[in-house]
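1. Need coordinates for the following:
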Amino acid sequence: GLHSGADVKIIIRPAPANTGVIFVRTDIENPDEAVIPALFGQVCQVTFCTTIGNQFGHTVGTIEHLMAALAGMGVDNAIIEIDGAEVPVLDGSSCEFVRLIENVGLQDLPELRRMLRITKPVRVEDGDKFCELMPDDESVYEAQIDFDNPVIGTQKGEFVLSGDNFRDQICNARTFGMLQDVQAMHAAGLALGGSLDNAVVIDGDRVLNDEGLRFSDEFIRHKILDAVGDLYLAGVRILGRYNAQDVLCSRSSILLLDELPEVIFGRFCALCVHKWARSKLSLLDELVKWFIVFVDRLKQRHFLTLP
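-> Predicted coordinates for the structure are as follows:
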């Protein structure tokens with residue numbers, strides 16, 4: 001794993017319609033405690049990576065690149081068996097997961113796909129930073145980052161999640177960091193599995209990787225990749241336009257992505273369940289349960305008052 005440095009084995013298995021994406025920790029002795037659904041309500045940590053957990057205290061971290069691959073390839077149902085607490089980082093992108101999924105192929109299931117259609121704007125702000133979801137007829141991801149570094153600088157990107165777009169435009173973009181930050185994390189016992197083989201490392205005005213960059217704007221492409229993976233924790237694809245401005249310039253800023261779904265799911269008028277032909281997913285009953293959880297969390301944060 002990128003942060004633990006531990007070896008891990010992962011198997012992605014097919015699953016019936018209405019299953020969704022579920023992680024199973026095969027190293028947990030009690031199978032009843034090993035199941036962790038890949039849903040927003042299970043997110044327990046968002047510093048440096050996205051981590052989900054269950055009520056028994058078992059977790060799986062660094063899930064965003066795998067979740068992005070599943071979303072990008074249109075995989076609605078999968079059982080992911082993993083014998084450790086962190087998804088392998090591979091080359092720091094989603095391309096290896098995409099390649100493996102393409103190699104085995106996909107099977108259409110006899111169910112209608114349900115998507116969340118955004119019907120009204122939803123926005124979360126933190127000073128001059130914000131992320132929002134707007135109505136749109138497609139799944140669109142738009143973002144901007146602004147780094148005080150000559151290699152990255154200001155980058156903007158827009159991506160439509162459809163067809164082969166994810167494979168061709170996004171999945172090869174790697175995670176990245178500054179050399180001084182990597183050294184500091186190593187000293188703190190973090191990013192122990194990080195290397196030039198699984199991340200773009202920048203030192204001042206230089207990219208240290210022999211390969212260089214895969215795209216001139218690889219950095220914003222990777223931030224969009226992360227957003228695709230994180231928002232897939234809704235359990236269904238979101239039909240709308242995601243826009244983030246200066247939000248994703250550090251992993252800790254993904255806290256805004258953690259708040260965004262609470263606002264969405266707390267405002268029932270902001271979305272509707274949209275049936276889509278040739279589905280692989282039907283999770284309406286579970287969504288109702290999540291709505292209740294999110295409303296409770298909104299009340300706890302004083303975002304919402306109910307009679």
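2. Now the terminal residues of stretch 39-59, how far apart.
-> 13 Å (C-alpha to C-alpha, to the nearest Å).
3. do stretch 39-51 as well
-> Across stretch 39-51, first to last residue, C-alpha to C-alpha, it's 11 Å.
4. gap between that stretch and the chain center?
-> 9 Å (C-alpha atoms, centre = their mean, to the nearest Å).
5. And for stretch 141-149?
-> The answer for stretch 141-149 is 17 Å, by C-alpha atoms, centre = their mean.
6. For that stretch, which outside residues touch it?
-> 152-161, 178, 202, 204-205, 219-220, 223-224, 227-228, 241-249 (C-beta atoms under 8 Å, 6 or more residues apart in numbering). Just so you know, the C-beta spots here come from the backbone N, C-alpha and C atoms, and that holds for glycine as well.
7. Recalculate using a threshold of 6 Å.
-> Around stretch 141-149, the neighbours that count as contacts under C-beta atoms under 6 Å, 6 or more residues apart in numbering are 154-159, 220, 223-224, 227, 242-246, 248-249.
8. Which of those residues are buried, as a PyMOL select command?
-> In PyMOL syntax, the buried subset of the contacts of stretch 141-149 is picked out as below (16 or more other C-beta atoms under 10 Å):
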select buried, resi 155+157+159+220+223+224+227+242+243+244+245+246+248+249
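9. So which of the contacts of stretch 141-149 belong to strands?
-> The members of the contacts of stretch 141-149 that map onto strands under DSSP state E are 154, 155, 156, 157, 158, 159, 242, 243, 244, 245.
10. which of the residues you listed sit farthest apart?
-> 154 and 242 (19.0 Å; C-beta to C-beta).
11. looking only at pLDDT, what's the mean for the host helix or strand of residue 113?
-> Using DSSP states H and E, residue 113 sits within strand 111-118. For strand 111-118, the mean pLDDT works out to 84.
12. Mind giving me the packing neighbours of it?
-> strand 238-245, strand 271-279 (3 or more C-beta pairs under 6 Å, 6 or more residues apart in numbering; DSSP states H and E).
13. Kindly export stretch 159-166 (C-alpha atoms) in PDB.
-> Extracted in PDB, the C-alpha atoms of stretch 159-166 (Å, rounded to 0.1, in the frame of the first residue of the first chain):
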ATOM      1  CA  PHE A 159     -14.200  15.500 -18.400                       C
ATOM      2  CA  VAL A 160     -17.400  13.700 -19.400                       C
ATOM      3  CA  LEU A 161     -17.800  10.300 -17.800                       C
ATOM      4  CA  SER A 162     -19.000   8.200 -20.700                       C
ATOM      5  CA  GLY A 163     -17.900   5.500 -23.100                       C
ATOM      6  CA  ASP A 164     -14.100   5.200 -23.300                       C
ATOM      7  CA  ASN A 165     -13.400   8.700 -22.000                       C
ATOM      8  CA  PHE A 166     -12.200   7.500 -18.600                       C
END
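14. can you pull the buried residues of it?
-> Across stretch 159-166, burial judged by 16+ other C-beta under 10 Å covers 159, 161, 166.
15. measure the closest residue to residue 174 other than its chain neighbours to residue 81 for me?
-> Counting by C-beta to C-beta, 6 or more residues apart in numbering, residue 92 is the residue found nearest to residue 174 once chain neighbours are left out, at 3.8 Å. Going from residue 92 to residue 81 by C-beta to C-beta, to the nearest Å gives 23 Å.
16. Equivalent analysis for residue 101, please.
-> In terms of C-beta to C-beta, residue 101 sits 15 Å off from residue 81.
17. Thank you kindly, that will do.
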